[in-house]
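Novice: here you go, sequence then predicted model.
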Amino acid sequence: MLTAARLGAAALSAALLTGLAAGPALAEVPTPAIPDGLYGKSDPTYDGVWRQSLALTALTAGKVTPADSAVGWLTGQQCEDGGWPSYRAAGTACDAKFEDSNATAVAIQALVALGGHQEAVDKGVAWLKANQNADGSWAYNPGNPGDANSTGLAVNALFATRTDPAGVAKAGKSAFDGLALFQLGCAAPADQRGAFAYQTDPAGGALTPNALAGGQAALAAGGGHLPVATSVHADAAPKALACDAAAAPAPVSHADSGEAVGAYLTAQLAAGGDHLSLTTPGAAPTPDYTATAWAALALTQSGHPQQAAGAVDWLAKEGATWTKGGTDAGATATLLLVSQAAHRDTAALTGQLTALGPTPKATEAPAAKTSAPAEKAEKKDDGIGQYWFIGVGLLIGVGGGLLLSFQRKRNAHL
């Protein structure tokens, strides 16, 4: 996903290149009012559909039934052709060039999780198929070169709808072929094999590992989607990519893709103190919370929760910083999805996320565990009482029978 910061920087660069007075022009753009039903209070221009989809997915997985206004806001953002933009103000017509694959992919997964929105889901999948690149990949906005993040998210949506990515193809190239374009294989240095690059080099240069691309693409490589809910547990760590020095370099096969990126992410997490880092030229590396979260989801999905545990612990420890104290809807929802997948305590995060949106229709209360012992004791007492009455009844019956027999014998001798 393109972050607001990246999009804002792109907009500023474009303004400077065209000779516009970027500062005043950007300052005059009013911040959109926060629509009713939308989770979070920050400007939704760049992430409205993204954070709403994650929030609805996480809350639904947590047995919370979102308000109709929250679901209606998301479905109302969908364009007639099936795609979603990052955000569309009320009353604004759809513009195809602003529809994006990331928003569409997470919106599809949210509606699948909610259930009851098959028509919207089908239209969304049709949009993804129509906007697949000829090499099998997806771009953030249609018409641009594909990238690993967008391709991974599209594959997640296909898995969520039980659509086989191998059968979704353009010009003979499937979604799996598109994903493989960005994965480093045996031609890469040993410590980079299995990683994902954000994009390929148009000049044909070597792929460069990217933390967020690796995290988001890894969930797709492992056959997963949101919410992650798997009971598969592998006994061993992810298998590193096996390479034959004599063999010609080839794309990583889908069969090996998930384990290969899992092994790479496991090594990166161990080397980075249980988290991945964002590296920017000329700046010191900084913790990448989002990349770490997606890596944890991917490892859990692939059956390696033990390798994800350190990242889950780190995210829980640093969660308040990432979520801005539970006020960032997108970050809070993502952290909740990670905690759910890892089977951690989610009560606090669920409460924080619920408070960022409209009052839900219903919340499934957890079973009261404290009443169980008393109930058992009551049943035990009832059982003893029942046996006592039965025993007394039998004694009375036996005594009455003996008395009657004795009376008959006595009468017979008279």
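Specialist: Structure's in. What do you need?

Novice: ok, and the closest non-adjacent residue to residue 179?
Specialist: residue 151 (5.2 Å; CB to CB, 6 or more residues apart in numbering). Just so you know, the C-beta spots here come from the backbone N, C-alpha and C atoms, and that holds for glycine as well.

Novice: so how far is stretch 125-137 off the chain centroid?
Specialist: Computed by CA atoms, centre = their mean, to the nearest Å, the separation of stretch 125-137 from the middle of its chain amounts to 21 Å.

Novice: in it, which residues are buried?
Specialist: Within stretch 125-137, the residues that count as buried by 16 or more other CB atoms under 10 Å are 125, 127, 128, 129, 131, 132, 133, 135, 136, 137.

Novice: also stretch 109-122?
Specialist: Within stretch 109-122, the residues scored as buried using 16+ other CB under 10 Å are 109, 110, 111, 112, 113, 114, 117, 120, 121.

Novice: with adjacent residues omitted, what lies nearest to the second one?
Specialist: Meaning residue 110. Sequence neighbours aside, residue 53 is the residue nearest to residue 110 in space, at 4.0 Å (criterion: CB to CB, 6+ apart).

Novice: now do the helix or strand hosting the one you found: which elements does it pack against?
Specialist: Remark: residue 53 resides in helix 48-61, with elements defined by DSSP states H and E. When contacts are defined as 3 or more CB pairs under 8 Å, 6 or more residues apart in numbering; DSSP states H and E, helix 48-61 sits against helix 68-77, helix 101-114, helix 329-341, helix 347-355.

Novice: and those as CSV, adding distance to residue 147?
Specialist: Written out in CSV, the entries for the helices and strands packed on helix 48-61 read as follows (distance: least, CB to CB, whole Å):
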stretch, distance to residue 147
helix 68-77, 22
helix 101-114, 9
helix 329-341, 19
helix 347-355, 28
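
Novice: just send those helices back as CSV, with mean pLDDT too.
Specialist: Compiled in CSV, these are given as follows (pLDDT from 0 to 100):
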stretch, mean pLDDT
helix 68-77, 98
helix 101-114, 98
helix 329-341, 98
helix 347-355, 98
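
Novice: and the spatially most central residue of the chain, what pLDDT?
Specialist: Relative to the mean C-alpha position of the chain, the nearest C-alpha, by CA atoms, centre = their mean, is the one of residue 226, at 3.4 Å. Confidence per residue is given as pLDDT, and for residue 226 that number is 98.

Novice: which ones are touching it?
Specialist: With contacts defined as CB atoms under 8 Å, 6 or more residues apart in numbering, residue 226 is in contact with 54, 57, 106, 109, 110, 113, 156, 160, 297, 337.
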